[in-house]
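K.L.:
dropping the sequence and predicted coords here.
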Amino acid sequence: MDQKISKEFGISAKKEDNFSEWYSQIIEKTGLADFISAKGFIVLRPYGFAIWDLIKNYLDQKFKETGHLNGFLPCLIPESLLNKEEKHFKGFNPEVFWVTSSGDSLLSEKLALRPTSEALLYSIFPKWISSYRDLPLKMNFWNTALRAEIKSTKPFIRNSEFLWQEGHTAHVDKKEAEDEVMTILYLYKHFIEKILSIPTISGYKSNKEKFVGADYTTALEGMMPDGKALQLGTSHNLGLNFSQPFDIKFLNKNNIEDFVWQTSWGISWRLIGAIIMVHGDDKGLILPPIVAPIQIIIIPVYKNVNEQLVKEHANRLKDSLVSLGYRVFVDQRDEFTAGWKYNEWEMKGVPVRINIGQRDIESNKVEVVRRDNRQKSIVPMENLSKEIEKIFQRLQYDLYCKAETYLKEKTKVITNFDDFKRNLDSYSGFIVTGWCGSEDCEVRVKENTGADIRVIPFDSKDLPTGLNTTHDVIKDCIYCGKKANKIVIFAKAY
RNA sequence: GGGAUCAUAGUCUAGUUUGGUAUGAUGCCAGCCUCGGGCGCUGGAGGUCGUCGGUUCAAAUCCGGCUGAUCCCA
């Protein structure tokens, strides 16, 4: 818990009217993060870090269940290493921060502040891998990455340094690497959709948008309330692109030397940004229960005469809920009225509030309030934990449905470029259309409309339901008009 | 890359046209009051008016440079 909670009034911007002002206000006023002078960097405050911690705890367990082990990597990468995979280097170079000196003396070789760790980690893989018995090698790292974002920054969405996790694996053959890519992608998808209640579209990235150095990139694309796309997770098949330059070889069962097949994958604190944007309302944050630092806030409602009694009951209630595994906080501060506290904790997105006062104690009931729709109910003590469980599930489900309805509304099939342009002028959203596969068309569309290919869905099942995407409808490339060989989603993106 | 607007207490802000050492709110501190949807009262602390320079007896105010922020256009 943050020791100091601002007494200032709540969110004054409306999500609908001024989305980006609303977003910054949420971050500052709920105590998630703060800003310092260095542009593009943010300070994560305890409330924000607690959310990240919960994301981390959940995923870390899943990674371990699927056989991955954590490690730690230095944050500096010698230029020569980063340079080894040429495409990779070129792709990242514009946004790499370089360390060039120690004290007053210049370093003999520049060191990069890691934009990602492939090069560094893979330079040491040959020491660890010599036999098929050493494979698969499956590692994960919870750390930060640095990518210079000068032009436009947005807390949690685009920062020069961000918290993330990067997974790296090496396998005996292509098939095993391909399976790993998908295992992770669907692990992410389950987490983002079922736990964070954010619908996603899964598929491939185009060559232009894929991870530099990957054979292909799979991704989960979400839609924000302004209709823009936000990439929520990626899982890359690196093929042999790194094992060859880094000489990562092993002896297979037939005593033949072979290169390993590799994958890498990651999610970042962008997910926090997505939770804020997708679920938040004019009153503030709405946190899905599993990532809520405080799941239940108890507000004792008392007068001078019964203060002691009510607080005692509130604390006893807290103890019993904590023993059931909930994260609970009793707001006993005297300097605020109950009404103030309601607003404060709603702003902070606590999913369930319990009010307890004299009359509740007498009737052995409490008032339970759900954050998203602020529905109140009077619940007898003996039903309380059951009721809370029910609210958590409903809330999680309703948040998802709301977001999914929006995604469906803002996803259209468009096959004519004039309509396409007109649509992107007046509104943002996902446009499902045909593409011939040429990078040239993709670039031209971007130049003309600001939208690019966010994702190439694996299958029509990956698209929102109710769209007509048969070959009769989507025949041609949206730009050149030649035969389309892919159905893709164009959108403006963060 | 081009343009516009702005910079005053932790935050928001009045004052700038017409030069005279800064207004109000909120937050903060102390005390009282009590809390079922952002209570109220009393007192107090908090400012080199973004920065550097110029004009002037005198600059938040007029002029110029710089820095930073926001928005619009490419």
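P.N.:
Cool, the structure landed.
K.L.:
in the stretch 251-400 of chain A, which spans are strands?
P.N.:
A:257-259, A:261-268, A:296-301, A:328-330, A:352-357, A:365-370, A:376-380 (DSSP state E, counting those that start in this stretch).
K.L.:
tell me the domain boundaries of chain A?
P.N.:
Each domain of chain A is listed here as a residue range: A:19-279, A:294-393, A:411-491, per automatic domain parsing.
K.L.:
how about the strands of the stretch 251-400 of chain A, which one is nearest A:Thr169?
P.N.:
If you check each of these against A:Thr169 by Cβ to Cβ, strand A:261-268 wins as the nearest, at 4.8 Å. The way it works is simple: take the backbone N, C-alpha and C, and place the C-beta from them, glycine included.
K.L.:
starting from the closest one, tell me which strands it pairs with and how they run.
P.N.:
strand A:161-171 (antiparallel), strand A:229-239 (antiparallel) (DSSP bridges).
K.L.:
return the most buried member of the ones you listed.
P.N.:
Most buried of these, by mean neighbour count (mean count of other Cβ atoms under 10 Å): strand A:229-239, with a mean of 24.
K.L.:
averaged pLDDT, it. What do you get?
P.N.:
Averaged across strand A:229-239, the pLDDT comes to 96.
K.L.:
looking at the domains of chain A, which is closest to RNA strand B?
P.N.:
domain A:294-393 (2.1 Å; Cβ to the nearest atom of the strand).
K.L.:
compute the first-to-last residue distance for that closest one.
P.N.:
16 Å (Cα to Cα, to the nearest Å).
K.L.:
over to stretch A:68-81?
P.N.:
Distance between the two ends of stretch A:68-81: 25 Å, counting by Cα to Cα.
K.L.:
just give me the neighbour total for A:Thr300.
P.N.:
For the record, residue A:300 is Pro, not Thr. 25 (other Cβ atoms under 10 Å).
K.L.:
next one: the one 4 residues further on
P.N.:
Applying other Cβ under 10 Å, we find 6 residues neighbouring A:Asn304.
K.L.:
with A:Ile356 as the reference, measure out to it.
P.N.:
Distance of A:Asn304 to A:Ile356, computed by Cβ to Cβ, to the nearest Å: 17 Å.
K.L.:
now swap in A:Gln25 and tell me
P.N.:
31 Å.
K.L.:
looking at the two, which is more packed in?
P.N.:
More crowded of A:Gln25 and A:Ile356, by other Cβ under 10 Å: A:Ile356, with 24 against 17.
K.L.:
tell me who's in contact with the more buried one.
P.N.:
A:Ile298, A:Ile299, A:Pro300, A:Val301, A:Val310, A:His313, A:Ala314, A:Leu317, A:Val366, A:Glu367 (Cβ atoms under 8 Å, 6 or more residues apart in numbering).
K.L.:
run the last query once more with 10 Å
P.N.:
A:298-302, A:310-311, A:313-314, A:316-318, A:330, A:365-367, A:381 (Cβ atoms under 10 Å, 6 or more residues apart in numbering).
K.L.:
check contacts around A:Glu221.
P.N.:
Per Cβ under 10 Å, 6+ apart, neighbours of A:Glu221: A:200-203, A:205, A:229-234, A:430, A:454-455, A:457, A:462, A:489, A:491, A:493.
K.L.:
ugh, wrong one, I meant A:Ser363
P.N.:
By Cβ under 10 Å, 6+ apart, the neighbours of A:Ser363 are A:Ile378, A:Pro380, A:Met381.
K.L.:
thinking again about what came up before, JSON lines for the strands of the stretch 251-400 of chain A, including distance to A:Phe156 and mean pLDDT?
P.N.:
Output for these, formatted as JSON lines (distance: least, Cβ to Cβ, whole Å; pLDDT from 0 to 100):
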{"stretch": "strand A:257-259", "distance to A:Phe156": "38", "mean pLDDT": "97"}
{"stretch": "strand A:261-268", "distance to A:Phe156": "8", "mean pLDDT": "98"}
{"stretch": "strand A:296-301", "distance to A:Phe156": "23", "mean pLDDT": "96"}
{"stretch": "strand A:328-330", "distance to A:Phe156": "24", "mean pLDDT": "96"}
{"stretch": "strand A:352-357", "distance to A:Phe156": "25", "mean pLDDT": "96"}
{"stretch": "strand A:365-370", "distance to A:Phe156": "26", "mean pLDDT": "96"}
{"stretch": "strand A:376-380", "distance to A:Phe156": "32", "mean pLDDT": "96"}
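K.L.:
distance to A:Asp472 for the ones you listed - can I get that in TSV?
P.N.:
Formatted as TSV, those follow (distance: least, Cβ to Cβ, whole Å):
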stretch	distance to A:Asp472
strand A:257-259	44
strand A:261-268	37
strand A:296-301	53
strand A:328-330	56
strand A:352-357	49
strand A:365-370	46
strand A:376-380	51
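K.L.:
would you format those as JSON lines with distance to RNA strand B included?
P.N.:
Converted to JSON lines, the strands of the stretch 251-400 of chain A look like this (distance: least, Cβ to the nearest atom of the strand, whole Å):
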{"stretch": "strand A:257-259", "distance to RNA strand B": "42"}
{"stretch": "strand A:261-268", "distance to RNA strand B": "21"}
{"stretch": "strand A:296-301", "distance to RNA strand B": "4"}
{"stretch": "strand A:328-330", "distance to RNA strand B": "13"}
{"stretch": "strand A:352-357", "distance to RNA strand B": "2"}
{"stretch": "strand A:365-370", "distance to RNA strand B": "4"}
{"stretch": "strand A:376-380", "distance to RNA strand B": "6"}
